[in-house]
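S.K.: what follows is a predicted structure for the sequence shown.
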Amino acid sequence: MSKKKKKSAKHLQKSFLHSIVGDQTSGLPVNRENLSIASQRSYGIPTVYIDQKYRCRKCGAQCVFTAQEQKHVYEVKKANINKPRVYCDDCYQRLNRLIQDTKKAEQQWIADKNHLAYDRAFLMHWLGLINEMGGFRTRINYGIKAMLEKKIRKL
């Protein structure tokens, strides 16, 4: 490869990286002691948090994971530093609500299985929650999904 092409390729790579992570010259310092144990054992921990641009996996919106948000998520909430943000705030909140509602439905099922097995509205609602979670590329309990579909068909 010629020198011109190499120089051009490096420039494109730098501009691509800049478009993803933004300006790396300023940011909030990382306090390693406040990171989770798993993050502290990781290789390649950054020295500063910088604003990171990303596209929401669900809705496709352009978003920015700010340095302040990163510091809170990784040092206060103790999230793993190697797991980047993939959902915008709205989609993330919706996913959390779906998870909570699904757990609530499972608990109701455990508490009153005999009655709820004939409640079409409850079964449809629970199946709807499970199907919507599939849009978030999360793990779905296909056993529960198949059971719900079977019970709904029987009603």
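M.R.: Received it, and whenever you're ready, just let me know what you need.
S.K.: following the chain onward from the lowest-mean-pLDDT helix or strand in the chain, which element is next?
M.R.: Ranking every helix and strand in the chain by mean pLDDT, DSSP states H and E puts helix 3-21 at the bottom, with a mean of 47. Note on helix 3-21: by DSSP states H and E, the next helix or strand toward the C-terminus is strand 28-29.
S.K.: how about the helix or strand that that following strand is followed by: buried residues?
M.R.: Note on strand 28-29: by DSSP H and E, the next helix or strand toward the C-terminus is helix 37-40. Going by neighbour count (16 or more other Cβ atoms under 10 Å), the buried part of helix 37-40 is residue 39. (Each C-beta comes from the backbone N, C-alpha and C, glycine too.)
S.K.: now do the phi/psi pair for residue 57.
M.R.: The phi and psi torsions at residue 57 (degrees, to the nearest 10) take the values phi -70, psi -30.
S.K.: surely it touches residue 86?
M.R.: Yes. Under the criterion of Cβ atoms under 8 Å, residue 57 is in contact with residue 86, at a separation of 4.5 Å.
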